[in-house]
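[1] pasting the sequence and the predicted coordinates here, then a few questions.
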Protein chains: 2
Amino acid sequence: MILEHIKRNLPNNNRLIVAGVSGGPDSLCLVDGLARLGYPVVVAHFNHLLRPEAGDEARRVEEVAISRGVDFLLGEGDVRQHAHTHALSLEEAARLLRYQFLFEQARNLQAGAVVVGHNANDQVETMLMNLLRGSGLAGLSGMLPSTLPNPWSETIPLVRPLLGVWREDILAYCRERNLKPVHDPSNVDTAFFRNRLRRELLPLLEEYRPGVQQRLWQTAHILAGDQEALQQHVDHLWRAFPTQCTGDYVAFDSEEFLSLPKGTQRRLIRRTFRHLRPDFTEISFEVVETACQFMARPSQSKEANLAGRVRIMLIGKRVYLAAWEANIPLDAWPQMGKDVSQLVLQAPGQVDLPAGWSFHAEYVKSISALNAQKLQRENPFQVYLDAGKTRPLLLIRSRQKGERFAPLGMDGHSMKIADFMVNEKIPRHARPKWPLVISQGEVIWVPGHRLAHAVRVTDETEKVLSLTLDQG
Amino acid sequence: MILEHIKRNLPNNNRLIVAGVSGGPDSLCLVDGLARLGYPVVVAHFNHLLRPEAGDEARRVEEVAISRGVDFLLGEGDVRQHAHTHALSLEEAARLLRYQFLFEQARNLQAGAVVVGHNANDQVETMLMNLLRGSGLAGLSGMLPSTLPNPWSETIPLVRPLLGVWREDILAYCRERNLKPVHDPSNVDTAFFRNRLRRELLPLLEEYRPGVQQRLWQTAHILAGDQEALQQHVDHLWRAFPTQCTGDYVAFDSEEFLSLPKGTQRRLIRRTFRHLRPDFTEISFEVVETACQFMARPSQSKEANLAGRVRIMLIGKRVYLAAWEANIPLDAWPQMGKDVSQLVLQAPGQVDLPAGWSFHAEYVKSISALNAQKLQRENPFQVYLDAGKTRPLLLIRSRQKGERFAPLGMDGHSMKIADFMVNEKIPRHARPKWPLVISQGEVIWVPGHRLAHAVRVTDETEKVLSLTLDQG
């Protein structure tokens, strides 16, 4: 059965295989199987210099290799020092140095794969550890039988041929083949947590549900397939879905984004983060939820800070995820054209601005004051106003020096339009050319932000005018 | 906070809500919250007739409802009897009768939703129970905040507004609002397994990883989104992907199917099963793996039995999943045309059969005997043969009465072609018109099945002819 698993996971294309061999039962079984099946293999052992007997163990692994006519490579590293320097646990440091060594050897020898001996029990333990740590689908898939690319190579896969073989079958194989493991890994396992799972949690679960380990293994196996399918689906979307994608910002059509299922939304947000901040790996549950909630109700605020110096913004119908330092082009915002000082918008009618933005004015059937305010909150680029308090000929122009504005919700008090724009976080370079709607010399609407108090719909309003600014 | 959760999960569209109220803290808290927020609600209580005090409890729930000016509906059912009749556990029977009652009331009252009080702790327990039971992504997502369709209705959602609220916050709310739970559900919980999780497993996990319940809740939340995304993706594929889809069989292009990620393959297989056998719900891990493995190496056998009286078959380049009783149309197989007694295939050259099938003959560069056999096993619709032992003019026709055939692998022994077809499980109605390749009066190839011994490639072969039959 061991041999079957090796053959299934490792095509024999006659390329050299570097086997990472600790000397425990798993790795001895693996080397023995590979040699019997005629795979060209070298044994690579890494001495972590953590225990006095490590040197003896290395020599005994070497003897096993020699007795099978297999080349032996020895590496060593000061794990304690490495852990100290990089603020890692001993376990993590040992793991990093060990895999670095294995892949270095594989590169030097132009090997076709690095193989290691993880078994089915390891898989179940890994899955449970990830579950308790709060992992999502990727973590719950446990380890993969073959990983490429992996953190150490883009071309040499890391293969685990024994991932489907249970520890007891490996021990039986060792007895049968008279393999003497150099050490019992469970005795020297520095991973306290893994040990507790193995000795305490798993027996308890097995008592609840006999056969639970088998089932957890199957679940990890199935979830790995689901993870791959979703990943591929999102990879695909990522290439086509954003309406803009530069090094420091990514834009989505807000409506289209919301039409995606929640899982896809979350994954696109994580993907965007990885794109904008490749080094920021700890994207938390809360950050993703905040971004999703912003997307779902972008009108409640126009901008929010996420994490890793990334913010999310609503501009028109687009939502931007952007690095703080991003210079989002003016196209993103509504702006007056270069040589245009003012435009006339006649109701009902339409007038165009650069970059596909246009104003629409139309009379609508009567709407309650309450409803008008509610709808405005939902889409800040559309307002309802009292047609009796404006002229049918409206002007569109940018702000004038010292101009004032009395926004709705301030009881008619006015403020400098320049200050209003700062308060509203309109980006500095977009302020001078931001289009304003003017009636009788007064600013009656700052699109995307606020209507003027004077023209609001009240219970006395007889005729309602709707103004919209959108980007086609 | 409780009110926030209710508002977020339950849009107030003024439609009546049927609240399932056991009288425990969760459901009392829910009814109190709904009433305070002004939702139109009726309290529905189901008496399971399992405990002597159940009648008193029902009366106390009624008092709570009345004290809040809310209508009260009482249902009851003989759970013990129902469990006995339908071979269910008491718990399952209670659940079924209770939900039937709630949705019946909701239908009668034309209600907009049925709400129940499950809380965040229930969610974590459900997720863990499903994990130990061996569930995949759907089970690991736990319960959903809103389910539609659900097993009881296509139009009335089952809503769980408190799914994100922890038990201790619900108890605090009850104290604050002076709500006196009629009973402590953990005392009367008939679910022994859930109780052990709550009292034994969860405290242990919390000891390993403080905050683990929060994290498990978040994981379920995220996985629910992933499940929805995958489901939608597969729904989409299902509509377009099968090359044929009838009530009793579904065909896939074998190569296209294999180009999908494993997770998608598995889900399409499950979907196909649901389509073919809606009542066969226990599609096991093993059945799906068997089907996937058949797809990956269909040539190793041409047919396999799965489960639920469904088989999988390779016919040409297509893989069929079919009910046993399915009458797969003759188009699926290569067949001689109606009024055509024989066709001539000149090498090199091509000749067409009905339904897009065609034969190709070409000379290929020399190939070893071993390799020829290996390739034939991989694609039974392509063979390599010794061109020196056949004529360049081959005939294509159906079998003749009493005709014999000496298949490769039988050392030149021959058998009746009719028996060979039975052995090879060629469907009965496809046998009479199955095309055979004839040279010098002898059957040299039964396409899809076997080459004749006489024309096999040997080490002495000088010129190799390749014959292919495929469906465009």
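    The structure has been received and is ready for your questions. Note that the coordinates shown come from a computational prediction; the quantities given were computed from them, not determined experimentally. Numbers count the residues shown, from 1 in each chain, chains lettered A, B, ... in the order given.
[2] how about the contacts made by residue A:145?
    Neighbour list for residue A:145: A:9, A:159, A:160, A:161, A:163, A:164 [criterion: Cβ atoms under 8 Å, 6 or more residues apart in numbering or on different chains]. All C-beta atoms are positioned from the backbone trio N, CA, C, and that covers glycine.
[3] mind checking which helix or strand the fourth one is in?
    The one in question is residue A:161. In this assignment (DSSP states H and E), residue A:161 forms part of neither any helix nor any strand.
[4] right, and residue A:74 touches residue A:42 too?
    No. Assessed by Cβ atoms under 8 Å, residue A:74 is found out of contact with residue A:42, at 11.2 Å.
[5] more crowded one of those two?
    residue A:42 (19 against 15; other Cβ atoms under 10 Å in any protein chain shown).
[6] helix, strand or coil for the more buried one?
    strand (DSSP: H, G, I helix; E, B strand; the rest coil).
[7] any idea how far it is from chain B?
    Applying Cβ to the nearest Cβ, to the nearest Å, one obtains 29 Å for the distance of residue A:42 from chain B.
[8] could you find the closest non-adjacent residue to that residue?
    Excluding the flanking residues, the one nearest residue A:42 by Cβ to Cβ, 6 or more residues apart in numbering or on different chains is residue A:71, at 4.3 Å.
[9] what sits against that neighbour?
    Contacts of residue A:71 (Cβ under 8 Å, 6+ apart): A:42, A:43, A:65.
[10] need those residues in a markdown table with distance to residue A:407 and pLDDT, can you?
    A markdown table is the format used below for the contacts of residue A:71 (distance: Cβ to Cβ, whole Å; pLDDT from 0 to 100):
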| residue | distance to residue A:407 | pLDDT |
| --- | --- | --- |
| A:42 | 74 | 97 |
| A:43 | 75 | 97 |
| A:65 | 79 | 93 |
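[11] about what we covered before: mind picking the two most distant members of the contacts of residue A:145?
    Maximum pairwise distance among the contacts of residue A:145 (Cβ to Cβ): 12.5 Å, between A:159 and A:164.
[12] between the two, point out the one with more neighbours.
    Per other Cβ under 10 Å, whichever of residue A:159 and residue A:164 has more neighbours is residue A:159, with 22 against 18.
[13] from residue A:79, how far out is the more buried one?
    Computed as Cβ to Cβ, to the nearest Å, the residue A:159 to residue A:79 distance reads 24 Å.
[14] please report how far residue A:97 lies from chain B.
    27 Å.
[15] with residue A:181 instead?
    Counting by Cβ to the nearest Cβ, the separation of residue A:181 from chain B is 28 Å.
[16] all helices of the stretch 201-350 of chain A, in order?
    Counting by DSSP state H, counting those that start in this stretch, the segments of the stretch 201-350 of chain A that form helices are A:202-208, A:212-240, A:254-259, A:262-276, A:285-296.
[17] in TSV: those, plus mean pLDDT and mean neighbour count.
    Formatted as TSV, these follow (pLDDT from 0 to 100; neighbours: other Cβ atoms under 10 Å in any protein chain shown):
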stretch	mean pLDDT	mean neighbour count
helix A:202-208	94	14
helix A:212-240	95	19
helix A:254-259	90	15
helix A:262-276	94	22
helix A:285-296	90	18
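[18] list the residues that contact residue A:316.
    Counting by Cβ under 8 Å, 6+ apart, residue A:316 has contacts A:332, A:333, A:334, A:357, A:381, A:448, A:469, A:470, A:471.
[19] so of these, which ones are in strands?
    Among these, the ones falling in strands (DSSP state E) are A:357, A:469, A:470, A:471.
[20] ok, so of those, who is nearest residue B:98?
    Among these, and counting by Cβ to Cβ, the member closest to residue B:98 is residue A:470, at 49.9 Å.
[21] so how far is residue A:457 from the closest residue to chain B within the stretch 351-472 of chain A?
    Closest residue of the stretch 351-472 of chain A to chain B, Cβ to the nearest Cβ: residue A:374 (13.7 Å). Residue A:374 sits 11 Å away from residue A:457, going by Cβ to Cβ.
[22] comparing those two, which residue is more hemmed in?
    residue A:457 (25 against 11).
[23] who are the neighbours in contact with that one?
    Counting by Cβ under 8 Å, 6+ apart, residue A:457 has contacts A:367, A:368, A:369, A:372, A:373, A:384, A:385, A:386, A:464.
[24] go with 10 Å
    By Cβ atoms under 10 Å, 6 or more residues apart in numbering or on different chains, the contact list for residue A:457 reads A:366-373, A:376, A:383-387, A:389, A:408, A:451, A:464-465.
[25] overlap in contacts, residue A:374 and residue A:457.
    Common neighbours of residue A:374 and residue A:457 (criterion: Cβ under 10 Å, 6+ apart): A:367, A:368.
[26] wait, what's in contact with the closest residue to residue A:411 other than its chain neighbours?
    Closest residue to residue A:411 apart from its sequence neighbours, by Cβ to Cβ, 6+ apart: residue A:453 at 7.1 Å. Residue A:453 makes contact with A:405, A:406, A:407, A:408, A:409, A:410, A:411, A:412, A:413, A:414, A:444, according to Cβ under 10 Å, 6+ apart.
[27] let's go with 6 Å and repeat that
    Shown in contact with residue A:453 (Cβ atoms under 6 Å, 6 or more residues apart in numbering or on different chains): A:406, A:408, A:412.
[28] just confirm the last one is within a strand.
    Just to be clear, that refers to residue A:412. No. Checked against three-state DSSP, residue A:412 lies outside a strand; its state is coil.
[29] so which bits of the stretch 251-400 of chain A are right by chain B?
    Contact residues (Cβ under 6 Å from any Cβ of the partner chain) of the stretch 251-400 of chain A with chain B: A:261, A:262, A:263, A:264, A:266, A:285.
[30] so for chain A, which residue is the most central one in space?
    The centre of chain A sits closest to residue A:270, judged by Cα atoms, centre = their mean, with a distance of 2.2 Å.
[31] any idea how far that residue is from residue A:253?
    Residue A:270 is 19 Å from residue A:253, by Cβ to Cβ.
[32] show me which residues of the stretch 1-150 of chain A sit near chain B.
    Counting by Cβ under 6 Å from any Cβ, the stretch 1-150 of chain A sits next to chain B at A:132, A:134, A:136, A:137.
[33] tell me the residue of the stretch 51-200 of chain A that sits nearest chain B?
    Taking Cβ to the nearest Cβ, the stretch 51-200 of chain A has residue A:134 as its residue nearest chain B, at 3.4 Å.
[34] these two touch, right, that residue and residue B:215?
    Yes. If you go by Cβ atoms under 6 Å, residue A:134 and residue B:215 touch, sitting 3.4 Å apart.
[35] care to break chain A down by domain?
    According to automatic domain parsing, chain A comprises the domains A:2-224, A:241-328, A:342-471.
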